[in-house]
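Q: sharing a sequence plus its predicted fold:
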Amino acid sequence: MLQNYLKITLKVLGRNRFFTFVSLFGIVFTLLVVLALSAFLDHLIAPHYPDVNRERCLYVGMLDCWNPDEQSHRMGPPSYHFLKTYVQPMETPEMVAVASLPSFANAYVGNRRLKLNLKFTDPNFWSVTAFDFLEGKPYNEGHIRNGDYVAVISEQTRDDYFGEGFPAAGQSITIENVSYRVIGVVRDVPITRLMVAGDVYLPYTVGKSQAGGKGLVGNYIGILMAKNPADFPRIREEYQHALGKIELPMEDEGFAFKQLDSEARTYLEYFLNLGLIDLGSTGVFYSVIAIFLLLFMLLPAINLVNLNVSRIMERSSEIGIRKAFGASSGKLVVQFLIENIFITLLGGGIAVLLAAAVLKIFNESGLIPGADLRVSLPVLLAGLGACLAFGILSGVIPAYRMSRMNVVEALRGGEG
């Protein structure tokens, strides 16, 4: 039966090529946008190089020191001192790593200035991530104990500073008049992965790291890697217990406060609570995305409904004959829905090929340095879901109208 429906569909598509072209164009354009948006969300949210353990990690990235009496707040990322004192001693996480937020500095090659994103980390940072080392290796506890001025640099920084493909391990790089010995070169990371992206990675013990202060608020993030996500509740509980060890009220760098609020959050929760995207929870975030995609597909679906109704009216005599020979309304509805889903899947296949080409061009454009957007399996599944939703949305009303068509009316060509 399905094979017969597909044969009929192919004949229908070839019968009126203008309708077929217009339908495919609308489907391809809509699904191309859906796939591109899905690829971008996948790029931002899903665990990718080098942040492959993201789904096992919680992040301590915000402290809220406040005084209820005065309704005054001091908010910001934690300091290295806070993380070292209260977070690194935690026992439930498999490992705790520390990394700074982006900070920028200049390096000069002749008269050319390079603006570099510096990231200060501890050695555990290299264990919770999975960087591809093109040269050398990361710094370790020995470098930290000795206070060595060593650096791991990105591939792009190597090419810009030393020359494309020139071996950098063992060479020196001077940043803000301070010389560092390059001990490793890693494959570039997209700047959109803020937790791990950097041009130059330095030990937190070097002079400009801001790790020496004794305040609670600073410029660092704690990465708490669990053995598996099932440990998240226990890690969160232990973190709150660690906060309870802080004697309050207290004064931190001139600010007196009586309460300290902070949470260990997942990657997405961290960004949703920065205040930049105030959507409250991950469930609300995904709901907003789903509603947006549904509304985006609704307008082209309505246009396709009108095209499908016109196509049905052209086939009214065929429908009348089938009804006269005993075809039920249910069978006709199923047939038309299958036809509509088939053409939508055909358009989806074309959209996937175009999306792969568009994303490749975007990656090579340099608009997002190091971008690696691609049509991954989750993106393909999102596209398949969009195809089915689009096919059903645009096919239900015409199919229902076809099923209600009177036999005599249909045989007369749909005239009323």
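A: Now that the structure is in, tell me what you want to look at.
Q: every contact and neighbour count from this point should use C-alpha atoms.
A: Noted.
Q: I'd like to know which elements the helix or strand hosting N340 is packed against.
A: Following DSSP states H and E, one finds N340 within helix 329-365. Helix 329-365 sits against helix 2-15, helix 17-45, helix 377-403, with contacts defined as 3 or more Cα pairs under 8 Å, 6 or more residues apart in numbering; DSSP states H and E.
Q: quickly, which of these bottoms out on average pLDDT?
A: For the helices and strands packed on helix 329-365, the weakest mean pLDDT is recorded on helix 2-15, namely a mean of 62.
Q: pLDDT weak spots in this protein?
A: Within the chain, the segments meeting pLDDT under 70 span 1-16, 18, 275-281, 309-330, 332, 399-416.
Q: the domain parsing of it - what is it?
A: 2-48+282-411, 62-264 (automatic domain parsing).
Q: turn those domains into TSV, including mean neighbour count and distance to R56.
A: Formatted as TSV, the domains of the chain follow (neighbours: other Cα atoms under 10 Å; distance: least, Cα to Cα, whole Å):
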stretch	mean neighbour count	distance to R56
domain 2-48+282-411	17	10
domain 62-264	18	5
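Q: CSV please, covering those and showing distance to L274.
A: Converted to CSV, the domains of the chain look like this (distance: least, Cα to Cα, whole Å):
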stretch, distance to L274
domain 2-48+282-411, 13
domain 62-264, 8
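Q: nearest to N273 among those would be which one?
A: domain 62-264 (9.1 Å; Cα to Cα).
Q: nearest the geometric middle of the chain, what residue?
A: Geometric centre of the chain, nearest residue: L44, 2.2 Å, by Cα atoms, centre = their mean.
Q: that residue is in contact with T192, isn't it?
A: Yes - counting by Cα atoms under 8 Å, L44 touches T192, with 6.7 Å between them.
Q: hey, where'd the strands end up in the stretch 101-250 of the chain?
A: Remark: strands assigned in the stretch 101-250 of the chain by DSSP state E, counting those that start in this stretch are 103-109, 112-121, 133-136, 150-154, 172-175, 178-186, 200-203, 220-225, 250-252.
Q: rewinding a little: quick one, which of the helices and strands packed on helix 329-365 gets closest to A105.
A: Minimum separation from A105 across the helices and strands packed on helix 329-365 (Cα to Cα) falls at helix 17-45, 25.3 Å.
Q: after the closest one, which helix or strand is next?
A: Defined by DSSP H and E, the subsequent element after helix 17-45 is strand 57-60.
Q: for that next one, the distance to its chain's centre please.
A: 17 Å (Cα atoms, centre = their mean, to the nearest Å).
Q: please name every helix or strand in contact with it.
A: Where contact means 3+ Cα pairs under 8 Å, 6+ apart, strand 57-60 is packed against strand 220-225, helix 267-272.
Q: excluding chain neighbours, give the residue nearest to G147 in space.
A: T205 (6.1 Å; Cα to Cα, 6 or more residues apart in numbering).
Q: list the contacts of that neighbour.
A: The contact partners of T205, taken as Cα atoms under 8 Å, 6 or more residues apart in numbering, are 144, 147, 211.
Q: just to check, the last one is in contact with P78?
A: No - with the criterion set as Cα under 8 Å, A211 and P78 do not qualify as a contacting pair; they are 10.6 Å apart.
Q: part of a strand, is L367?
A: No - in this structure, L367 is coil, not part of a strand, as judged by DSSP: H, G, I helix; E, B strand; the rest coil.
Q: what sits against it?
A: L367 neighbours (Cα under 8 Å, 6+ apart): none.
Q: quick one: it from P190, how far?
A: Per Cα to Cα, to the nearest Å, L367 is found 11 Å from P190.
Q: got it, and V396?
A: 43 Å.
Q: same thing with I223?
A: In terms of Cα to Cα, I223 sits 19 Å off from P190.
Q: and if you look at N117?
A: Relative to P190, and taking Cα to Cα, N117 is found at 12 Å.
Q: equivalent analysis for L32, please.
A: Counting by Cα to Cα - L32 and P190 are separated by 23 Å.
Q: dump stretch 359-375 to PDB, restricted to CA.
A: Taking C-alpha atoms only, stretch 359-375 is exported to PDB below (Å, rounded to 0.1, in the frame of the first residue of the first chain):
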ATOM      1  CA  LEU A 359      27.600  26.100   7.300                       C
ATOM      2  CA  LYS A 360      30.900  25.200   5.700                       C
ATOM      3  CA  ILE A 361      31.000  28.600   4.000                       C
ATOM      4  CA  PHE A 362      30.100  30.300   7.400                       C
ATOM      5  CA  ASN A 363      32.900  28.400   9.200                       C
ATOM      6  CA  GLU A 364      35.400  29.500   6.600                       C
ATOM      7  CA  SER A 365      34.200  33.100   6.700                       C
ATOM      8  CA  GLY A 366      35.900  33.800  10.100                       C
ATOM      9  CA  LEU A 367      32.700  35.600  11.400                       C
ATOM     10  CA  ILE A 368      33.100  33.300  14.500                       C
ATOM     11  CA  PRO A 369      36.800  32.500  14.800                       C
ATOM     12  CA  GLY A 370      37.300  28.700  15.100                       C
ATOM     13  CA  ALA A 371      33.600  28.000  14.400                       C
ATOM     14  CA  ASP A 372      32.800  24.300  13.700                       C
ATOM     15  CA  LEU A 373      29.000  24.400  12.900                       C
ATOM     16  CA  ARG A 374      27.900  21.200  11.200                       C
ATOM     17  CA  VAL A 375      24.900  19.100  10.400                       C
END
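Q: tell me how far that stretch lies from the chain's centre.
A: So, by Cα atoms, centre = their mean, the centroid of stretch 359-375 is 14 Å from its chain's centroid.
Q: same check, this time on stretch 213-226
A: On Cα atoms, centre = their mean, the centre of stretch 213-226 falls 24 Å from the chain's centre.
Q: I figured Y139 hits V150, correct?
A: Yes - between Y139 and V150 there is a contact under Cα under 8 Å: 7.3 Å.
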